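> what's the 3D shape of this:
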Amino acid sequence: MRSRQMIRFLAPSLLIVAACSGDSGSSPTAPSIMPAATVVSSAKVVVDGRDVSGMNVPQGHHGAVTHFEARVEHDGSLEPGFEMWMRYEQPGAHGMMGSQGRARLFDDGTHGDPVAGDGIYCLDDDIGQIGCQRSDAPMGEYHYDFYGAGPHGDETNHCLVTVTVVGG
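Sure thing, here's the model as predicted:
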């Protein structure tokens, strides 16, 4: 009986791990509360054309663009009002508290998204506000939590990507 309960608990978790893992360095952080047909299947952070998800990067990527990208899988069409979001948390400089916030990703051919309507949501941080590429980026872990949200507050699963800035 106990093993059956454990399987019921683990099975949904295993599905989410499979839906948001792989070479991208992303990992799930929460179960889906949106219909199971809408899933964030992968997410990544790209600096200078290189996927840095789950990696250590040297401090001082002078002027590089950080590209954020998440792939959404769904059967049929997305609910009107669906949006893709990324929460971010950055370390602080010299022991100070870091900054955190939220940014929207787009699948409309703008904001660094090359193809509208393909299920890949993007955002380019070309001014260095939320990325890990600034020359003065504090060392430490940068956390990026990608998730979809419906118009009624429901969310997809979450994909967490961590990038660590180390001394150059």
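> Next, name the residue at the spatial heart of the chain.
Centroid check for the chain by C-alpha atoms, centre = their mean gives Phe146 as the closest residue, at 3.2 Å.
> so that residue sits in a strand?
Yes. The assignment for Phe146 by DSSP: H, G, I helix; E, B strand; the rest coil puts it in a strand.
> residues near Arg87, how many?
For Arg87, the number of neighbouring residues by other C-beta atoms under 10 Å comes to 16. (C-beta placed from N, C-alpha, C; glycine too.)
> how much space between Val65 and Ile130?
12 Å (C-beta to C-beta, to the nearest Å).
> the longest strand in the protein is where?
Under DSSP state E, the strand in the chain containing the largest number of residues is strand 155-166.
> quick one: buried residues of it?
Burial within strand 155-166, assessed by neighbour count using 16 or more other C-beta atoms under 10 Å, is assigned to 155-163, 165.
> Neighbouring strands of that strand in the sheet, and parallel or not?
strand 26-28 (antiparallel), strand 56-58 (parallel), strand 140-149 (antiparallel) (DSSP bridges).
> As TSV, those strands with mean pLDDT and distance to Ala37 would be great.
As requested, these are exported to TSV (pLDDT from 0 to 100; distance: least, C-beta to C-beta, whole Å):
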stretch	mean pLDDT	distance to Ala37
strand 26-28	50	17
strand 56-58	90	35
strand 140-149	95	12
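> possible to save the ones you listed as CSV with distance to Ser99?
Formatted as CSV, the entries for the strands paired with strand 155-166 read as follows, by distance: least, C-beta to C-beta, whole Å:
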stretch, distance to Ser99
strand 26-28, 22
strand 56-58, 18
strand 140-149, 10
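> thinking again about what came up before, can you pick out the residue with more neighbours from Val65 and Ile130?
When neighbours are counted by other C-beta under 10 Å, Ile130 comes out ahead of the other of Val65 and Ile130, with 22 against 17.
> For the nearest residue to the more buried one once chain neighbours are set aside, list the residues it contacts.
Leaving aside its sequence neighbours, Ile130 sits nearest to Tyr88 (C-beta to C-beta, 6 or more residues apart in numbering; 5.0 Å). With contacts taken as C-beta atoms under 8 Å, 6 or more residues apart in numbering, Tyr88 has the following neighbours: 100-103, 130, 142-145.
> any idea how far Tyr88 lies from Arg104?
Here the criterion is C-beta to C-beta. By it, Tyr88 lies 12 Å from Arg104.
> Touching both of those two, which residues are there?
Shared between the contact lists of Tyr88 and Arg104 (criterion: C-beta under 8 Å, 6+ apart) there are no residues.
> surely Thr66 meets Gln133?
Yes. With contact taken as C-beta atoms under 8 Å, Thr66 and Gln133 are classed as touching, separated by 4.8 Å.
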